[in-house]
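**Q** Okay, sequence plus prediction incoming.
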Amino acid sequence: MSTSTILEPHPDTWIEVRSAGIYCIPADVYIDPMQPVERALITHGHADHARGGHQRVWATLETITIMQQRYGIEHALLQTVVTFGEEINLTPEAEHPVFMCLYPAGHILGSAQIKLTYQGVSIVFAGDYKRTPDPSCPAFIPIDCDVFVTEATFALPVFNHPPIQDEIHKLILSLTRFPERCHLVGAYALGKCQRVILGLRQYGYHKPIYLHGALLKLCQTYREFGYDLGECVPVSEVDDYHSLAGEIVLAPPSALTDRWSRKLPDVLTCMASGWMQIRARTKQKRAELPLIISDHCDWQELLDTLDEIRPTEVWITHGREDALMHACNNMGIHARALRLIGYEDENNE
Amino acid sequence: MSNFADFSTLLDSLYYTSSTKAKTRLLCEYLTNTPDPDRGWAIAVLSGTLQLEFFSRSTVKNLMLTHCDPVLFAMSYDYVGEMSETVAHMWPTPKTIELDCNRSLPSLNDIITEFSNTPKNAIPECLASYLDRFTPSQRWALVKLGTRGLRVGVSARLVKNILAEFASVSTIQVSDIETLWHGVSPPYTELLTWLEGKTPKPDVSDRIVFHPVMLAHPVTEAELANIDFNEWVAEYKYDGIRVQIVATSHGIGMFSRTGDDIAHSFPDVVELWQNTGVYGVFDGELLAFSDVDIGTFNQLQQRLNKKKPTKKLMNEIPCGIIIYDCLALGSGTQRCSLTELPLSERQTKLTEVLTPVIQHRIRLSPTITITSKTQCQRVRDEICERSGQRIEGLMLKRKTSLYMSGRPKGQWVKYKRDPMLVDAVIMYAQRGHGKRSSFYSDYTFGCWGTNEIGERVLLPIGKAYSGFSDAELHELDKWVRKHTIGRFGPVKEVAKELVFEVAFDSVHTSKRHKSGIALRFPRIHRIRWDKPANEADELTRLVGMIIQ
Ligand SMILES: [Zn+2]
Ligand SMILES: [Zn+2]
């Protein structure tokens, strides 16, 4: 897109930020609303983007499956499955309809970018996304658009996420050094957990991986969508916990320090998260082995993406918006922060 | 072979490991696999005895600024809260240098030798060349090492325990290492080879070295009520700086609390001591003096950090010391350690030795007998008042206390005067650093004064980021987000509605603040959710409390 384009009608006039979230006026539809609404488009299944109780929902099959699992089969009265690349008219009766199309976002299973086009002007909501290869979901595709709405979770030049294989290597090395310790890895149930498992398998680790009960359902969902996670054993099915010495156990981060983890033998706490790059964050989580594994773009990925797409305008939803705005200015791209509240940029990564 | 990567890996693992057992294993493994002198340098780095500063924090910062966008650096630094780590992650990996796998990394010894021998003006270039070649972890290790800021959760005490564990000679105890410790110096080759049973025990009887000092805990009113005063003695707590005099027949060392040799800044004091002819290791307070009395901390401050004071300055602000303890007496083979004796016996010996040489600027700290909590409070308040705050409270010491380095429990406590309080209104807030980077935890507050045109306005008097609980922090953070009325970069301006009761140690004049004053050690004492902002204190109240 050339930067001299004058957008008409400017998305300012037909997209607005309301207390429930971003709202598209002519389509009467919210994107990732934080409260129950009539019509909602959902980028992906993380709880801060997908909430229950909407009347009508459009999303990928994977996302709808995740929402059903979390909020019940009938989480919305009408649930429309959208496939990538399929063009949907959100307002068939209108003189100027709003068209919607989904594209992969490379964030987690089912994650999508949402493109809306109204009278020839297009806006892409990237939701959460990343550019590093991830075997657990299709890769992000840069989409030509007038306005690109991006997250900024890791938008500071200090964030430079290493390749996942380096981090898995750290974990394996620690297992050899402390073979008597149970390596308990904190990973969020949706996305991070499966990515760690697939990363271990790609590394050549074929022993069983032990799972906390809260991770089982979503791992099953990944399997149903064709991802081979290898042998995973629920910790609850282990007879003798001493046998977990020298094994890898995955659990949600909240379980790392609670009573549950105390039954494991000589725990070495690991934490898989993009925040683990910052020492104070690692200390805060009491992790002894930080694994820098992120579902989001790091700084360079954000810049590369903006440079590739070169939209007329960039809107920033949540995270470190100041730094990204500054970088956009340097790149000659007009940028502004939407200052959305409610997205959990701090913890849900 | 060992290189800097092994060292930085060691630091990283120690940094994140919490169990002492695992730390011991990691360090012992390193000591076994690493040759001299690298392993000894590592011991020096960990125990804080490497007395070299290769470059200053500002050198690093300036170098970084020539390699990145300063705005982004400021934002990153603000987020990370720590310069070394910010630089470690932000330093651009050069794309032009072809990665030459055969070019081996330097050893820790190479790094220490090179930085020690590089002239000051060539340091930035030397540093940059290493930062280019290093990974973020290695950069962090280098910057921390070079600025003497390395902390990886391994205390000097733990290092000694681990060394005892490492010793292959089973009769070697921690106490053996402790008595040797201050006589040996980095890279500790003679110590390590002795531990391995390869060389005889090093002879350290007459070396001028620093002995880590014993520190006190603050005491609460409740704890004070439970003290049996028969078992304790009191001393004045002077508002100077803690020093240790190490006097031998070969010369005199004068060390700060952290072991920095500061003798060069106080040749007048060193000379005074030299003339006494007293040998040993003494613990005391360095102070500025007037003709008749002790001076203020402000006066002393003008002498600190002056590497070579002029005659004129030394005449204007003469310094001296008040001695309160003694770790050893005598010199050479005659030196005997007193650290294993109780305080009362150490004081008897100290008085015996020093009484003949006492003068205006070399004094013995008087001991005060206290019999009750009320008397304790009264003595403290009187002396603080009478000394014009040159004495800031009392030290209470258990008569039986041995001289133990660090902050042992229940031995020495400090009973400082009550902090002064002022009711101030929060004006601005900023995100904290590190752990607190997601909260608005740094607050600027002000008192009521008048501006150029005579209006009653709030004038900022200081900043605080401590004194509240985590729960209060969450409340305050929420309050800030709800009451933001403006933004200047990372700073949020808030509605002038909330009053803090701010505690502080003293007030000084300041040209930096519009209010003309500055507070020493301000911290939030209480959040006055109930108090209307217009009832906060007037600036004039603080002006009346200024210490000249
Ligand atoms: Zn997400
Ligand atoms: Zn998100």
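**A** Everything's here; your move. Numbers count the residues shown, from 1 in each chain, chains lettered A, B, ... in the order given. Ligands and ions are numbered 1, 2, ... in the order given.

**Q** so where is the stretch 151-300 of chain B shaky, pLDDT-wise?
**A** B:179, B:205-206 (pLDDT under 70).

**Q** residues from the stretch 101-250 of chain A in reach of chain B?
**A** Residues of the stretch 101-250 of chain A lying close to chain B (CB under 8 Å from any CB of the partner chain) are A:Leu156, A:Pro157, A:Val158, A:Phe159, A:Asn160, A:Phe178. All C-beta atoms are positioned from the backbone trio N, CA, C, and that covers glycine.

**Q** Pull up the gap between the first one and A:Ser294, please.
**A** In this structure, A:Leu156 lies at 13 Å from A:Ser294, with CB to CB, to the nearest Å as the measure.

**Q** The two - which one has more neighbours?
**A** A:Leu156 (28 against 25; other CB atoms under 10 Å in any protein chain shown).

**Q** Just to check, the more buried one is in contact with B:Ser76?
**A** Yes. With contact defined as CB atoms under 8 Å, A:Leu156 reaches B:Ser76; the gap is 4.9 Å.

**Q** Residues that sit against both of the two, list them.
**A** Applying CB atoms under 8 Å, 6 or more residues apart in numbering or on different chains, one finds that A:Leu156 and B:Ser76 are jointly contacted by A:Ala323.

**Q** average pLDDT for the helix or strand hosting A:Gln113?
**A** Using DSSP states H and E, A:Gln113 maps to strand A:112-118. Averaged over strand A:112-118, pLDDT sits at 98.

**Q** Can you tell me which helices and strands that strand packs against?
**A** Contact partners of strand A:112-118 among helices and strands, from 3 or more CB pairs under 8 Å, 6 or more residues apart in numbering or on different chains; DSSP states H and E: strand A:98-104, strand A:121-125.

**Q** Report the contact partners of the residue of the stretch 1-150 of chain A at minimum distance from chain B.
**A** Proximity of the stretch 1-150 of chain A to chain B (CB to the nearest CB) peaks at A:Ser19, 14.3 Å away. Applying CB under 8 Å, 6+ apart, one finds that A:Ser19 lies in contact with A:Gln35.

**Q** and it, what pLDDT?
**A** On the pLDDT scale, A:Ser19 gets 89.

**Q** Tally up the residues packed near A:Val147, please.
**A** Neighbours of A:Val147 (other CB under 10 Å): 23.

**Q** For the one residue in the stretch 51-200 of chain B that gets nearest to ligand 1, give me its contacts.
**A** Nearest residue of the stretch 51-200 of chain B to ligand 1 (CB to the ion) works out as B:Tyr79 at 20.5 Å. Counting by CB under 8 Å, 6+ apart, B:Tyr79 makes contact with A:Leu156, A:Val158, A:Ile278, A:Arg320, B:Arg431, B:Ser437.

**Q** Quick check: the farthest pair among the residues of the stretch 101-250 of chain A next to chain B?
**A** For these, the farthest-apart pair by CB to CB is A:Pro157 and A:Phe178; their separation is 33.9 Å.

**Q** The two: who's more crowded?
**A** Just comparing A:Pro157 and A:Phe178: by other CB under 10 Å the higher neighbour count belongs to A:Pro157, 23 against 20.

**Q** could you measure the more buried one against B:Leu72, distance?
**A** 5 Å.

**Q** joint contacts of these two?
**A** By CB under 8 Å, 6+ apart, the residues touching both A:Pro157 and B:Leu72 are A:Ala323, B:Met90.

**Q** Give the burial count for residue 108, as a bare number.
**A** In the absence of a named chain, chain A is used. 28.

**Q** that answer is for a different chain, and I need it for chain B
**A** 26.

**Q** Tell me who's in contact with it.
**A** Contacts of B:Leu108 by CB under 8 Å, 6+ apart are B:Ser2, B:Asn3, B:Phe4, B:Phe7, B:Asp38, B:Trp41, B:Ala42.

**Q** Show me which of these is closest to A:Lys283.
**A** Distances from A:Lys283 to the contacts of B:Leu108, taken by CB to CB, are shortest for B:Phe7, at 20.9 Å.

**Q** which SS class is that closest one?
**A** Assigned state for B:Phe7: helix (three-state reduction, DSSP: H, G, I helix; E, B strand; the rest coil).

**Q** That one contacts B:Gly40, correct?
**A** No. Assessed by CB under 8 Å, B:Phe7 is found out of contact with B:Gly40, at 11.9 Å.

**Q** For the residue nearest the centre of chain B, what are phi and psi?
**A** Centroid-nearest residue in chain B: B:Thr258, 6.5 Å away (criterion: CA atoms, centre = their mean). Reported as degrees, to the nearest 10, the phi and psi values for B:Thr258 are phi -90, psi 10.

**Q** name the helices or strands packed onto the worst-scoring helix or strand of chain B on mean pLDDT?
**A** The weakest-scoring helix or strand in chain B, judged by mean pLDDT, DSSP states H and E, is helix B:174-181 (a mean of 78). When contacts are defined as 3+ CB pairs under 8 Å, 6+ apart, helix B:174-181 packs onto helix B:156-166, helix B:189-195.

**Q** let's go with 6 Å and repeat that
**A** For helix B:174-181, the packing partners by 3 or more CB pairs under 6 Å, 6 or more residues apart in numbering or on different chains; DSSP states H and E come out as helix B:156-166.

**Q** Quick check: buried residues in the helix it packs on?
**A** For helix B:156-166, burial by neighbour count (16 or more other CB atoms under 10 Å in any protein chain shown) applies to B:Ala156, B:Leu158, B:Val159, B:Lys160, B:Asn161, B:Ile162, B:Leu163, B:Ala164, B:Phe166.
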